[in-house]
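[1] Sharing a sequence plus its predicted fold:
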Number of protein chains: 4
Amino acid sequence: MAETPAASTGECKPMRADAARNRDKLLKVATQTFTDKGADASLDHIAKAAGVGIGTLYRHFPTREDLVMAVYSRQIDALEERSHELPAQHDPVEALHEWMRGFVDYYAVKQGMVTLLRSMMQSSPDAFAEARGRLRAATERILQPAIDAGGIRGDVSAEELLRALGGICLSSGTPAGATASAASTIALVDLVFDGLRYGAPSAS
Amino acid sequence: MAETPAASTGECKPMRADAARNRDKLLKVATQTFTDKGADASLDHIAKAAGVGIGTLYRHFPTREDLVMAVYSRQIDALEERSHELPAQHDPVEALHEWMRGFVDYYAVKQGMVTLLRSMMQSSPDAFAEARGRLRAATERILQPAIDAGGIRGDVSAEELLRALGGICLSSGTPAGATASAASTIALVDLVFDGLRYGAPSAS
Amino acid sequence: MAETPAASTGECKPMRADAARNRDKLLKVATQTFTDKGADASLDHIAKAAGVGIGTLYRHFPTREDLVMAVYSRQIDALEERSHELPAQHDPVEALHEWMRGFVDYYAVKQGMVTLLRSMMQSSPDAFAEARGRLRAATERILQPAIDAGGIRGDVSAEELLRALGGICLSSGTPAGATASAASTIALVDLVFDGLRYGAPSAS
Amino acid sequence: MAETPAASTGECKPMRADAARNRDKLLKVATQTFTDKGADASLDHIAKAAGVGIGTLYRHFPTREDLVMAVYSRQIDALEERSHELPAQHDPVEALHEWMRGFVDYYAVKQGMVTLLRSMMQSSPDAFAEARGRLRAATERILQPAIDAGGIRGDVSAEELLRALGGICLSSGTPAGATASAASTIALVDLVFDGLRYGAPSAS
DNA sequence: TATGAATGAGATTTCATTCAT
DNA sequence: TATGAATGAAATCTCATTCAT
């Protein structure tokens, strides 16, 4: 995966204004497109929709993976931020519950990270270590305090929680029918949350 | 989606021997291929690998969906069978636990239904109602007795349980790394199983 | 072009009853199909529509041309018959006029010989000599008496008249619009008929 | 049917030199190929013969119809031009006669518009309105003055004349044999021309 | 004789990727 | 830097034709 000129970090040369504009437009369109059609959507179409030539897309994102990665990374930015805000507003266990619901309901489903994830899992097994790492860290930032506070069992790792939440997201829009999703998805999250409390110190 | 001549039911004319052989070979190869590369693998390659002309593949499965559907349906046959055997060998709650572990560990993951599912969810939202229906019925056959026996909470539907299990399967082989899977997947199943027991009549 | 077992002439072995039935059904369906979709329609579809296997079609008509030829030949049978009846019912010049109008309006257009002709001209330049010969003979049977009777110029051959009529048929359903056809086609025939009388002995 | 960048009009951006070269080469080869084998010739072969990739052909002419249309349109360009030149060189009636002979003999037959037309009529009934309109206008430009000058009957429309001429062209290369064509085609044109004069004011 | 399964050669079309302008 | 033209490798699908049953 080739290195692309730093986008936000501002190292290197500070990227010409129009170039940055193009990059932004591309990311925005790509997010939408990947959300709609999965990560194997036509790059040509994305370029067209962003109003730039296909060559420009390739300049900014030399490989498809670079583009997917950039889109995915952006989604995670939002989740990361949330992991910093929640603890300030709720007690640890409640924060965990909020995090779980929010993760599934808003960030993953509504923001379209799901389709993206599905596609990524299909093709690129583990090329997303960095982004995934940030996500795990964010989850830990929420999970650990809840365990420490004593309402949640300690034998579940952030990794596993993440997988549970991810799984729920992924199974949204299953053949089962997209309609049941809204309510039933929350029910599932609560089911897992109950599982997390069961047998935990505070419940004994 | 055109109907293909009944394979196993044996009604109609009893399908020529070579035709049946070809159909079988195709299904076997397709199952393997879809498992490896997802449901958008090249049909050409499948035909080649099965040792038949591409035309033969199209005769048996006029559309890609017909083939995917046939493969998927076969996978479910095994699960259906299991839903009949388990209750005879275990008490209801234990049978449920077994079913859940088996579903995820063996049938879904090892048999490769996962990759297939991922692809299907991507492209054909709800063309699999029949197969899905059979799967739900099988799950119900396991879940309901456990609820009736009094060890499992009654406010979770077969549909939701299926989604939970499906979700766990789908998140196997996540960017997180395929290695953690084995153990962590079982852990997740147990987490959900615990959730099912939590607050159930027998636990109060 | 391979020889097919005589259909109506009854030489050779007198063809089994079911075989004859199949042959007839095939011809009927083929006529309709060629009329609708041109002479390069799918033979498979014709066989299916006729309710016989593709192998049976090939047994009766070893090449596509054999089938097209048989269909075309049948159409001409009707025209030939008409060339025998008309002279008995009209005076020669009037018979010619009738023949011309009838040729274009009924036999060619309504019977669908047009599409067939178009296709044939595309692919098989001169493989239809025999049928064409019968058609020319029929035309001559109508044209010559009219010339002899003195109302029609003698420097136009049956061949040319046939081409004129054929041309008019062929240009029916032209991009120009299929609607104008009915009236305008008759107008064209009359235009040619006028040309035939112009400068003829009776007109001087 | 997608719009292709203007070829000759030169508006828009002035098309890259190599693109224009390719487009031209494609049109030239396509004209020849369609002339020889009809409008359903292989696009692959055309691309190969033009020395470009198949993708390039599709870039310039997104559908087969776009290509056919472009070829047809070009042929009509020549006829249009002729309709402007003839009146300057001949008196109206003579110009009409010239136009008719030229149309059939040179432009249609020798330039190969015939095969193209046959194919088009088969498949694309009325997608050629624009080109057809130009052709009708050209015919009118020749016909009307002849009628006004008083040597030609006024009850025949340009549309009908066009159909007559078209019909004659189409019946060239009939099963009858391509040999008779040359002379006999002219004879037919003259027959129609005579029909146009018959009963006209100047003849009474 | 009849059937329809199998074959495999095309035809169309779509895209990722490279490069000339 | 940006553009979009060109390329050509797939992939899907359709049929004519042959042959086993």
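    Great, that's in hand. Numbers count the residues shown, from 1 in each chain, chains lettered A, B, ... in the order given.

[2] so where's chain A shaky on pLDDT?
    A:1-15, A:106-111, A:121-127, A:172-182, A:198-204 (pLDDT under 70).

[3] Give me the distance between the residue of chain A found nearest chain B and A:Gly133.
    Ranked by C-beta to the nearest C-beta, the top residue of chain A for proximity to chain B is A:Gly167, at 2.8 Å. From N, CA and C alone the C-beta is placed, and that goes for glycine too. A:Gly167 sits 19 Å away from A:Gly133, going by C-beta to C-beta, to the nearest Å.

[4] in chain A, what residue is nearest chain C?
    For chain A, C-beta to the nearest C-beta, closest residue to chain C: A:Ser42, 32.4 Å.

[5] count of residues packed around that residue?
    12 (other C-beta atoms under 10 Å in any protein chain shown).

[6] now do A:Asp18
    Neighbour tally, A:Asp18, other C-beta under 10 Å: 8.

[7] Buried residues of the helix or strand containing it, list them for me.
    Per DSSP states H and E, A:Asp18 falls inside helix A:17-37. For helix A:17-37, a neighbour-count test (16 or more other C-beta atoms under 10 Å in any protein chain shown) marks A:22-23, A:26-27, A:29-35, A:37 as buried.

[8] Of these, which are in range of DNA strand F?
    A:Asn22 (C-beta under 7 Å from any atom of the strand).

[9] I'd like the buried residues of helix A:17-37 laid out as JSON lines, including distance to chain B.
    Shown next, in JSON lines, are those (distance: C-beta to the nearest C-beta, whole Å):
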{"residue": "A:Asn22", "distance to chain B": "28"}
{"residue": "A:Arg23", "distance to chain B": "24"}
{"residue": "A:Leu26", "distance to chain B": "23"}
{"residue": "A:Leu27", "distance to chain B": "20"}
{"residue": "A:Val29", "distance to chain B": "20"}
{"residue": "A:Ala30", "distance to chain B": "17"}
{"residue": "A:Thr31", "distance to chain B": "17"}
{"residue": "A:Gln32", "distance to chain B": "17"}
{"residue": "A:Thr33", "distance to chain B": "14"}
{"residue": "A:Phe34", "distance to chain B": "12"}
{"residue": "A:Thr35", "distance to chain B": "12"}
{"residue": "A:Lys37", "distance to chain B": "9"}
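
[10] For A:Gly167 and A:Gly133, indicate the residue with more neighbours.
    A:Gly167 (27 against 13).

[11] Now do the contacts for that one.
    With C-beta atoms under 8 Å, 6 or more residues apart in numbering or on different chains as the criterion, the residues that contact A:Gly167 are B:164, B:166-171, B:188.

[12] Also A:Asp44?
    So A:Asp44 contacts A:Ile54 (C-beta under 8 Å, 6+ apart).

[13] gap between it and A:Asp190?
    43 Å.

[14] Same check on A:Ile46?
    38 Å.

[15] more neighbours, the two?
    The neighbour count for A:Ile46 versus A:Asp190, taken as other C-beta under 10 Å, is higher for A:Ile46 (24 against 16).

[16] Please give me every residue in contact with A:Leu170.
    A:114, A:117-118, B:118, B:121, B:166-167, B:170-171.

[17] A:Arg163 contacts B:Ser171, doesn't it?
    Yes: assessed by C-beta atoms under 8 Å, A:Arg163 is found in contact with B:Ser171 at 4.4 Å.

[18] ok, back up a step: give me phi/psi at the residue of chain A closest to chain C?
    phi -70, psi 120 (degrees, to the nearest 10).

[19] returning to that earlier point: what packs against the helix holding A:Asp18?
    helix A:43-50, helix A:54-60, helix A:64-89, helix A:113-123 (3 or more C-beta pairs under 8 Å, 6 or more residues apart in numbering or on different chains; DSSP states H and E).

[20] Point out the most buried one among those.
    helix A:113-123 (a mean of 21; mean count of other C-beta atoms under 10 Å in any protein chain shown).

[21] So that helix, near DNA strand E or not?
    No: applying C-beta under 7 Å from any atom of the strand, one finds helix A:113-123 separated from DNA strand E by no less than 11.7 Å.

[22] ok, then the element right after that helix?
    Following helix A:113-123 toward the C-terminus (DSSP H and E): helix A:129-149.

[23] In space, what's closest to A:His97 - neighbours in sequence excluded?
    A:Phe193 (5.7 Å; C-beta to C-beta, 6 or more residues apart in numbering or on different chains).

[24] Tell me how far that neighbour lies from A:Trp99.
    10 Å.

[25] ok, those two, which is more surrounded?
    Neighbour count, other C-beta under 10 Å: between A:Phe193 and A:Trp99, A:Trp99 has more, with 25 against 20.

[26] residues in contact with that one?
    A:Trp99 makes contact with A:82-83, A:86, A:139, A:142, according to C-beta under 8 Å, 6+ apart.

[27] give me phi/psi at A:Asp40?
    Dihedral angles for A:Asp40 - degrees, to the nearest 10 - are phi -110, psi 30.

[28] oh, I was asking about A:Gly166
    According to degrees, to the nearest 10, A:Gly166 has phi -60, psi -40.

[29] Also A:Val52?
    phi -120, psi 170.

[30] Distance check, the nearest residue to it once chain neighbours are set aside against A:Gly112.
    In space, and not counting its chain neighbours, A:Val52 is closest to A:Asn22: 5.4 Å by C-beta to C-beta, 6+ apart. Distance, A:Asn22 to A:Gly112, using C-beta to C-beta: 22 Å.

[31] now swap in A:Pro92 and tell me
    30 Å.

[32] I'd guessed A:Thr139 sits against A:Ala158; true?
    Yes: here A:Thr139 reaches A:Ala158: they are 4.2 Å apart, a contact under C-beta under 8 Å.

[33] ok, those two, which is more surrounded?
    Neighbours were counted for A:Thr139 and for A:Ala158 using other C-beta under 10 Å; A:Thr139 has more, 23 against 17.

[34] In contact with A:Leu96, which residues?
    Contacts of A:Leu96 (C-beta under 8 Å, 6+ apart): A:142-143, A:146, A:152, A:193, A:196.

[35] 6 Å instead, please
    A:142, A:146 (C-beta atoms under 6 Å, 6 or more residues apart in numbering or on different chains).

[36] quick one: which helix or strand includes it?
    Here A:Leu96 is assigned to helix A:92-102, by DSSP H and E.

[37] what comes up buried for that helix?
    With the criterion 16+ other C-beta under 10 Å, helix A:92-102 contains buried residues A:92-93, A:95-97, A:99-101.

[38] so, if you compare the residues you listed, which one comes nearest to C:Ile76?
    A:Arg101 (80.2 Å; C-beta to C-beta).

[39] just to revisit the earlier point, can you tell me which of the contacts of A:Gly167 are in helices?
    Residues of the contacts of A:Gly167 located in helices (DSSP state H): B:164, B:166-170, B:188.

[40] which of those are close to DNA strand F?
    Okay, of the ones in helices among the contacts of A:Gly167, nothing touches DNA strand F (C-beta under 7 Å from any atom of the strand).

[41] what about A:Arg153, how many neighbours?
    18.

[42] A:Ala39 against A:Ala70, yeah?
    No: look at A:Ala39 against A:Ala70 with C-beta atoms under 6 Å: they stay out of range, at 11.9 Å.

[43] What angle do helix A:92-102 and the helix or strand where A:Glu160 lies make with each other?
    Using DSSP H and E, A:Glu160 maps to helix A:158-170. Counting by axes from the mean of the first three to the mean of the last three C-alpha atoms, to 10 degrees, helix A:158-170 lies at 40 degrees to helix A:92-102.

[44] What residues does chain A have near DNA strand F?
    So far as C-beta under 7 Å from any atom of the strand goes, chain A lies against DNA strand F at A:5, A:15-16, A:18-19, A:22, A:51-56, A:58-60.

[45] ok, the closest residue to A:Leu191 other than its chain neighbours to DNA strand E distance?
    Nearest non-adjacent residue to A:Leu191, counting by C-beta to C-beta, 6+ apart: B:Gly195, 4.4 Å away. Using C-beta to the nearest atom of the strand, to the nearest Å, we find B:Gly195 at a distance of 41 Å from DNA strand E.
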